[in-house]
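1. Next comes the sequence, and after it the predicted model I'd like to discuss.
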Amino acid sequence: MIAVGAGLVGWVWRDPAGLHAILSFAVPAIFLACALWRLALILASGRRRVPQVSTAPLPRYTVVAALHDEAEVLPQLVENLAALDYPADRLEGFLALEAHDHETIEAAYAADRPDWLSILIVPPGEPRTKPRALNHALARATGRLITVYDAEDDPDPLQLREAAACFARDATGRLACLQAPLRIRRRTRSPEASPFLDRQFAVEYAALFEVVLPGMTRLGLPFPLGGTSNHFRVDILKRVGGWDAWNVTEDADLGFRLWRAGYRLGVLTRPTWETPPGGLDAWLPQRTRWMKGFMQTWGVHTRRPLSLGLRGLLALVMTVGVSLASAAVHAPSVAWVAASVLVAAVAGLTPSTPIPALGVLMLGAGMAWVSAFIGARRAGIPYSLIDVVQAPAYWSLLSLAFVHAAWRLVTEPFAWDKTRHRPDPEPDLPPETGAAALDAGPPVRLSSPHGLETVPTP
């Protein structure tokens, strides 16, 4: 990066007109390529997916939730996990808790957990991150399949059955991971609700999990995994070394690491519901961590980029690379367009912006809007003209997160910015989201607390 920056400075010094000419061609070409990429994903994701059904015996399944400072929301998570529709004698679950987190440990012991859900204490150590806790649970997993959930998750009760069926139908043995779609349900009655950020966050998730990832799966490409609701083959996950404990977006790294090892990824249809982070004070640290982790993932996987193969390298560039680049230029681009239009309007002149460049820029934004609209329709969430108009303001906030992430990557590369979660109030869900289906599960037998590894309650 230093060499490229120095080269650009030298180019400006020696031949500013030549650099301007090259950039005038290269920048619109990049925007056009991104627009065509989104169009390809929209078309590839169009075929309707049908939930898989299998008559094969269900394998043993391990469910892991790594929690830190989540005492407030833990009872809700236990209730949601207990609703999973899977034979209890073929389930094992771990609440992976940090040894110093006494409040969450107390809440875990006090919760009415099903027999298969145990408390697993992660011993003190560094780095104090979610992937380190997941690796501790992976070492004790006895299931053939394993999945990861976050503290605020509400998975579809049939999600494990669908994943088991998909893995059973894989004759090649190369299917390593399945990603369930994450859907955001807004909580308008919550005091932490932020109407603008919550709506844009939900639409952003819809575009990613309902359009981008299914499209990449159909094109046979790897992708950065979401941080939750990943379903893995345990033997393959152990073979590649589990999660990178030092990467703050361990999910994004793992998707490409599995591909590099010769395995492939897939997607599910049954979703996991989540709540948005809330206001800017919660959204910005979370997005800063994601951006910092993307920077780490980009740095790691571009050490030997050709070992990913052409398709893997294309996927890395068009997901992680473009995400970072677009976050860096969103706010400057919006400011440039707004300034050009406003200055010209005040002066009574035609904007000096080249029409081809402006056209390509609007084409890229248009593809993003179309992708968001289609994703929102598939996820069953509202998406109106107001959301379209507000989107550039939300995209500009990504530039703020990018700057924060770049600074944190240098000063605190492995620090984990914790997102606080609170119990959900009654959801504001439209009827078509299938809220009733989330509650349609068999009776769950509850028991007193127990666990494989426990510590006395402080």
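-> Happy to help now that I have it. Numbering: from 1, shown residues only.
2. going forward, measure contacts between C-alpha atoms and count neighbours the same way
-> OK.
3. give me every residue that touches L41.
-> Applying CA atoms under 8 Å, 6 or more residues apart in numbering to L41 gives the contacts V211, V212, P214, G215, M216.
4. what about the closest residue to the second one other than its chain neighbours, distance to L219?
-> Pointing back at V212 there. Of all residues beyond its chain neighbours, the one nearest V212 is L41 (5.8 Å), with distances taken as CA to CA, 6 or more residues apart in numbering. In this view, L41 and L219 are 8 Å apart by CA to CA, to the nearest Å.
5. contacting residues for Y394?
-> L197, Q200.
6. same thing but at 7 Å, please
-> Residues in contact with Y394 (CA atoms under 7 Å, 6 or more residues apart in numbering) are Q200.
7. For stretch 293-307, measure first residue to last.
-> Termini of stretch 293-307 sit 21 Å apart (CA to CA).
8. now swap in stretch 303-317 and tell me
-> OK, stretch 303-317 end separation, CA to CA: 13 Å.
9. I'd like the average pLDDT over that stretch.
-> Taken as a whole, stretch 303-317 carries a mean pLDDT of 95.
10. same question, stretch 339-357
-> Per-residue pLDDT over stretch 339-357 has a mean of 76.
11. tell me, how many neighbours does Q390 end up with?
-> 14 (other CA atoms under 10 Å).
12. make that P123, sorry
-> Look at P123: counted by other CA under 10 Å, it has 12 neighbours.
13. got the phi/psi numbers for the residue lying closest to it once chain neighbours are set aside?
-> Nearest in space to P123, with sequence neighbours left out and distances taken as CA to CA, 6+ apart, is A99 at 5.7 Å. Main-chain dihedrals, A99, degrees, to the nearest 10: phi -60, psi -30.
14. Relative to E72, how far out is A99?
-> 17 Å.
15. re the thing from before, of the contacts of L41, just say which sits nearest to G293.
-> V212 (19.6 Å; CA to CA).
16. ok, the closest one to L8 distance?
-> 33 Å.
17. Tell me which of the two has more neighbours.
-> V212 (24 against 14).
18. Who are the contact partners of A376?
-> V203, A206, A207, P382, Y383.
19. Give me the subset of these lying in helices.
-> V203, A206, A207 (DSSP state H).
20. Throw the residues you listed into TSV and include pLDDT, thanks.
-> Output for these, formatted as TSV (pLDDT from 0 to 100):
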residue	pLDDT
V203	95
A206	96
A207	96
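21. how many other residues sit next to G380?
-> So G380, with other CA under 10 Å, has 18 neighbours.
22. Check A111 and give its pLDDT.
-> The per-residue confidence score, pLDDT, reads 94 for A111.
23. surely it meets Q76?
-> No - using CA atoms under 7 Å, A111 makes no contact with Q76, being 9.3 Å away.
24. how near is L41 to Y394?
-> 22 Å.
25. Same question for G93.
-> For G93, the distance to Y394 - CA to CA - is 38 Å.
26. swap in K418?
-> The value you get for K418 to Y394, if CA to CA is used, is 21 Å.
27. swap in T249?
-> 21 Å.
28. ditto for D153
-> If you go by CA to CA, the gap between D153 and Y394 works out to 24 Å.
29. and if you look at L258?
-> 32 Å.
30. same thing with A252?
-> Relative to Y394, and taking CA to CA, A252 is found at 22 Å.
31. Name the residues of whichever strand or helix holds Q390 that are buried.
-> Secondary structure assigned from DSSP states H and E places Q390 in helix 385-411. For helix 385-411, burial by neighbour count (16 or more other CA atoms under 10 Å) applies to 387-388, 391-392, 394-406, 408-409.
32. Next: stretch 373-382.
-> F373, I374, G375, A376, R377, A379, G380, I381.
33. Toward the C-terminus, what is the element adjacent to the biggest helix by length in the chain?
-> If you go by DSSP H, the chain has its longest helix at helix 16-44. Per DSSP H and E, the first helix or strand lying C-terminal to helix 16-44 is strand 61-67.
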